[in-house]
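Enquirer: Structure for this input, please:
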Amino acid sequence: MKRIFVVIVIVLGFAGIAFSAGGVKKKKVLEQDFGNVILDTNSLKAGVNPVLFEHWVHRKAFTCRVCHVDIGFSMKANEGGIRAIDNMKGYYCGTCHNGKSSFNGGEKLFASCSDKFNKEDMKRCLRCHSQEKPGQERDAKREQREKAFRTFADTMPKERGGNGINWEQAEESKTITLVDYIEGISTKRPPMANQKDFTIGAKVEGVPEIIFSHKKHTVWNGCELCHPDIFVGVKKGVEKYSMIDLFGDKYCGACHGKVAFPQSDCRRCHTKQVQ
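Expert: Predicted coordinates:
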């Protein structure tokens, strides 16, 4: 019993150190907002609201690498410098949102950007440019977004933290079926060999070791998303990193805590029983 208590204290201590790495404890993000990204490279300058990108809407339909490898979206908000003219030419959002594409038997996706600015086109603009400007009051669209998320989340396997959805189970149970190839955009890849799970030792005595599964990550990411941009080394033990690095948005922290389940849920990774 004493050992269990010590482990809990150590784990909570790790979380406290990591949260304080940036100097301020991070505020818990609401489930419906977890993973949302605000894009504002040019919006406010042009006099329109910033774009609110809801990851869950796209995550339920596509693998990560379709968007971040094949289409070329940056892993960081506003780093790609996306412009309306790029979307109109069929890049970025315009790759799929062109008024023609449809996936998994669904209806055609609305076209993203247009050089027209009449009343009807403005309605389409506001589907994406929906984030309130600084000082602007909350509007009915936010209520609609929250309701849409709740309706979807209620049908999904549950988990603690993040947006409360266990995406891994949803994929395994075929509750969702993800698009992993876009004709004319994606590169045809040979089937990937599944590597065996391996352990990563904990640096504090009494804390369970991490069991890392390549199989779980390659379903969504392939190899290209993580190597070499996020993890330079491809051989176990080559790179050295700490929880401070992870909570500083490096390595695992590039996704976990932003879109994937948060690192504060220690037991999701530290799963190997202490001997």
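
Enquirer: quick one: pLDDT of residue 26?
Expert: The score at residue 26 is 67. That number is its pLDDT.

Enquirer: what do you get for the one 10 residues further on?
Expert: Among the per-residue scores, residue 36 shows a pLDDT of 95.

Enquirer: same question, residue 1
Expert: 48.

Enquirer: can you check residue 7 too?
Expert: Model confidence at residue 7, given as pLDDT, is 47.

Enquirer: ditto for residue 99
Expert: As summarised for this prediction, residue 99 has a pLDDT of 92.

Enquirer: can you offset everything so residue one is 568?
Expert: Okay, residue one is now 568; in that scheme the one you just asked about reads as residue 666.

Enquirer: so how far is residue 631 from it?
Expert: For residue 666, the distance to residue 631 (C-beta to C-beta, to the nearest Å) stands at 25 Å. Quick note: C-beta positions are derived from backbone N, CA and C, even for glycine.

Enquirer: Among the two, which residue is more densely surrounded?
Expert: residue 631 (24 against 12; other C-beta atoms under 10 Å).

Enquirer: ranges for the helices of the stretch 718-842 of the chain?
Expert: Using DSSP state H, counting those that start in this stretch, the helices of the stretch 718-842 of the chain run over 734-739, 781-788, 810-814.

Enquirer: Domain-wise, how is this protein divided?
Expert: As assigned by automatic domain parsing, the chain contains the domains 569-596+757-839, 601-720.

Enquirer: how far out from the middle of the chain is the first one?
Expert: If you compare the mean C-alpha spot of domain 569-596+757-839 with that of the full chain, they lie 15 Å apart, counting by C-alpha atoms, centre = their mean, to the nearest Å.

Enquirer: cool, stretch 611-621 as well?
Expert: Between the mean C-alpha point of stretch 611-621 and the mean C-alpha point of its chain there is a distance of 20 Å (C-alpha atoms, centre = their mean).

Enquirer: Next, the buried residues of stretch 815-835.
Expert: Within stretch 815-835, the residues that qualify as buried are 816, 818-833, 835, counting by 16 or more other C-beta atoms under 10 Å.

Enquirer: what's the span of it, first residue to last?
Expert: Stretch 815-835 stretches 19 Å from its first residue to its last (C-alpha to C-alpha, to the nearest Å).

Enquirer: Excluding chain neighbours, what is closest to residue 805?
Expert: Leaving aside its chain neighbours, residue 805 sits nearest to residue 799 (7.9 Å; criterion: C-beta to C-beta, 6 or more residues apart in numbering).

Enquirer: and the residue lying closest to residue 742 once chain neighbours are set aside, what are its phi and psi?
Expert: Of all residues not flanking residue 742 in the chain, residue 723 sits nearest, at 6.4 Å (C-beta to C-beta, 6+ apart). When quoted as degrees, to the nearest 10, the phi and psi of residue 723 stand at phi -100, psi 160.

Enquirer: ok, residue 724 - how many residues close by?
Expert: The tally of other residues near residue 724 (other C-beta under 10 Å) stands at 15.

Enquirer: Please list all residues in contact with it.
Expert: Contacts here follow C-beta atoms under 8 Å, 6 or more residues apart in numbering; on that basis residue 724 touches 732-733, 736-737, 740, 742.

Enquirer: What of residue 686?
Expert: Residue 686 makes contact with no residue under the criterion C-beta under 8 Å, 6+ apart.

Enquirer: Need the per-residue pLDDT for it.
Expert: The per-residue pLDDT reported for residue 686 equals 76.
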